[in-house]
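# Quick one, structure for this:
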Amino acid sequence: MSAPTVYLVSGANRGIGLALVKAIASRSDDSIVFAGARNPAAATALAELVQQFSGRVQILKLTSCDKDDNDAAVKEIEKIAGRLDIVIANAGISTHLGPALTTSDDHLREHFNVNP
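Numbering: from 1, shown residues only. Next up is the predicted model:
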C-alpha cells in the first residue's frame, strides 16, 4: 500500500476551504488533510469533519501572515505525517475585481496581509 497523500488547506474554517477539506477527505482513505484555521477552537464544522474522518483530518492553527503560526504548523505536519505533498493556499480576500494590471498597490497589500 502506498503512503497517503498529505494536504494542507489554508482558510479551511468555512466556505471554499471547508468544502475542499470535506471533498478531499471524502474521496478516499488514502489522504491526510491538515485544515488551517485562525481559531481552531471556533472551527466547529472542522471539528465535525475530524470526528467523521478520524485520523484523516487534522486542524492546525494557521494565520496566513503569521510566521510563528506557519512555523508551528510545519512542525505539527512533520510530527504527524512526516511530509507535505500538496498545499492549497485558499486563505485570502478579494476586494478588487478586474485585471491584475489594474490592481492598485493598496489592494495587493491588503490581499497579502490578510488575517494580520
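
# Can you name the next helix or strand after the strand ranked longest in the chain?
Selection of the longest strand in the chain by residue count, based on DSSP state E, yields strand 31-37. Next in sequence after strand 31-37, counting helices and strands by DSSP states H and E, comes helix 44-52.

# Are there helices or strands packed against that following helix, and which ones?
Contact analysis of helix 44-52 by 3 or more C-beta pairs under 8 Å, 6 or more residues apart in numbering; DSSP states H and E lists helix 15-27, strand 31-37, strand 57-61 as its packing neighbours. C-betas here are computed from N, CA, C, even on glycine.

# make it 7 Å
When contacts are defined as 3 or more C-beta pairs under 7 Å, 6 or more residues apart in numbering; DSSP states H and E, helix 44-52 sits against helix 15-27, strand 57-61.

# burial count for residue 61?
Residue 61 has 17 neighbours, counted by other C-beta atoms under 10 Å.

# Quick check: bridge partners of it?
Taking DSSP bridges, one finds residue 37 as the beta-bridge partners of residue 61.

# Could you pull up the contacting residues of it?
Contacts for residue 61 (C-beta atoms under 7 Å, 6 or more residues apart in numbering) come out as 37, 40, 69, 72.
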